[in-house]
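*Asks:* Sequence and predicted structure below; questions after.
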Amino acid sequence: MNKLQHWFLATRPWSFTMTVISVSVGAALAAIEGGISWPLYFLTALGVVLMHAGTNLMNDYYDVRYGVDTESAETAKYRPHIIILGVVPARQVLYAAFGSFAAAAAIGLYLTYTSGPMVLWIGVIGVLAGVGYTAPPMKYKYIGLGELSVFLMWGPLMVEGAYYVQRHSLSLDALLVSIPFGTLVALVIFANNIRDIEHDRSQHIRTVAMALGPRLGIHAYLLLMAFAYAVTLILTLTGVLTPWGLLVFLSLPVAIKLLRQMEACVPSDADARTAQLDTAFGLLLVAGLVIQGLAG
């Protein structure tokens, strides 16, 4: 594997699917109300993916700096970690993170010019959340706020932001529809933290999973997963979504299989497996919205 491939994998490109889905949900909701600009859609998706990549790179840098990521950590066992592997100096990873944020900011400024000032405020919140996730002075990932932040970023912020770029206004429906998918994305972090309870305790990191313990953590994982499906059902019954929204229930076999795996023994790639559920659920949600729009 050459250095370019290592760099690409260091951004965790498999996680970008969730980001594109969040943007697509917001854009699909906007399209239902009157069409969308495809160039603005692709620019929005690119900008948010760049911000996501910057957050991932910065996360790796500070996790190594604070001794959270080591050769023995589960994270380093199932994905390439270019700092631990010694492929590139840690400082270069930090510079790449800032470069990614800078590129995202440039796109954000253009979208602010074309769509309105709300884009700027959403972008500022996104950058602060991405940088502050592991960087000082906030470092809120280490004090149990990671899941809440991820829910807000991949749920309301991205969906409303993508909607706003197209319609130049905010939407209550977009806010409500963002809740189930945002919840499932937060479960990716929660699954990671359930797996890492003992490791995080040894590093003096506080997480929600650690406070609950493994058994209650799995129960909370189940309840939040059920919550995502229940909210989707409620949104369909109340008319926020049409019956096409129920397509997400086709992902239930994936959810059930994942729950059985988590209950039997939390796998080393629990976060990646949860992301697979998010992808299935999210793509079905987008498909339902697209069909809703085409059906008029």
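*Replies:* That came through fine.
*Asks:* so where's the protein shaky on pLDDT?
*Replies:* Applying pLDDT under 70 to the chain flags the ranges 1-2, 71-80, 296.
*Asks:* What residues does Lys139 make contact with?
*Replies:* Neighbouring residues of Lys139 by Cβ atoms under 8 Å, 6 or more residues apart in numbering: Tyr62, Gly132, Tyr133. No exception for glycine: its C-beta is placed from N, CA and C like everyone else's.
*Asks:* The last one contacts Asn56, correct?
*Replies:* Looking back up the chat, that one is Tyr133. No. In this structure, Tyr133 is not within contact of Asn56 by Cβ atoms under 8 Å, at 9.6 Å.
*Asks:* so what's Phe227 up against?
*Replies:* Listed by Cβ under 8 Å, 6+ apart, the contact set of Phe227 reads Pro180, Thr183.
*Asks:* going forward can the numbers begin at 19, since that is how I track them
*Replies:* Sounds good: first residue 19 from here, last item Phe245.
*Asks:* which element is it on?
*Replies:* Here Phe245 sits within helix 226-255, counting by DSSP states H and E.
*Asks:* Return the distance of that helix from the chain's centre.
*Replies:* Relative to its chain's centre, helix 226-255 lies at 16 Å (Cα atoms, centre = their mean, to the nearest Å).
*Asks:* If you count neighbours, what's buried in stretch 43-56?
*Replies:* Of all the residues in stretch 43-56, those buried under the rule 16 or more other Cβ atoms under 10 Å are Val43, Gly44, Ala45, Ala46, Leu47, Ala48, Ala49, Ile50, Ile54, Ser55.
*Asks:* So the third one lies in a helix, does it not?
*Replies:* The reference is to Ala45. Yes. Counting by DSSP: H, G, I helix; E, B strand; the rest coil, one finds Ala45 located in a helix.
*Asks:* Surely it touches Phe60?
*Replies:* No. Judged on Cβ under 8 Å, Ala45 makes no contact with Phe60 at a distance of 9.8 Å.
*Asks:* just to revisit the earlier point, export the contacts of Lys157 to CSV and tack on secondary structure and distance to Ile161?
*Replies:* Shown next, in CSV, are the contacts of Lys157 (DSSP: H, G, I helix; E, B strand; the rest coil; distance: Cβ to Cβ, whole Å):
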residue, secondary structure, distance to Ile161
Tyr80, helix, 14
Gly150, helix, 11
Tyr151, coil, 11
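*Asks:* Next secondary structure element downstream of the helix holding Phe245?
*Replies:* The first helix or strand that comes after helix 226-255 along the chain, using DSSP H and E, is helix 270-282.
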